[in-house]
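1. 3D model of this:
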Amino acid sequence: MSLSEHTKAELLEMLSSQGIDAKPSMRKAELIELLESGSISKSAEGATEALEPNAKTDIAAKPSASHPVFLVVGVFIALAILAWIIL
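-> Prediction:
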């Protein structure tokens with residue numbers, strides 16, 4: 001069954017079951033595009049995981065700038081030490 005034969009509500013349900021956020025105000029063609037691109041990216045994701053099973057653990061082990069909390073805490077501690085030294 002082609003995606004265009006589904007109702008808009010069915011397409012929204014399919015997207016939510018795949019974990020893709022879609023707004024009900026989107027047009028049916030946009031929902032179909034999301035479903036098609038989501039299925040392509042999921043198949044590519046599976047292929048990547050098959051090639052590199054430990055990729056997620058390697059990424060989690062490396063520090064990155066995606067955790068700005070550590071940067072903020074570090075700056076706060078540095079400022080506190082400087083204030084303690086000056087005063």
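2. how far away is residue 13 from residue 22?
-> Look at residue 13 and residue 22: by C-beta to C-beta, to the nearest Å, they are 10 Å apart. C-beta coordinates here come from the backbone N, C-alpha and C atoms, glycine included.
3. who has more neighbours out of the two?
-> Using other C-beta atoms under 10 Å as the criterion, residue 13 and residue 22 rank with residue 22 on top: 19 against 13.
4. which SS class is the more buried one?
-> Following DSSP: H, G, I helix; E, B strand; the rest coil, we place residue 22 in the coil state.
5. ok, it touching residue 31?
-> Yes. Contact criterion C-beta atoms under 8 Å: residue 22 and residue 31 qualify, at 5.9 Å.
6. identify the contacts common to the two.
-> Listed as contacting both residue 22 and residue 31 by C-beta atoms under 8 Å, 6 or more residues apart in numbering are 11-12, 15.
7. phi and psi next, for the closest residue to residue 21 other than its chain neighbours.
-> The spatially closest residue to residue 21, leaving aside those adjacent along the chain, is residue 15, at 7.7 Å (C-beta to C-beta, 6 or more residues apart in numbering). The phi/psi pair for residue 15 (degrees, to the nearest 10) reads phi -70, psi -40.
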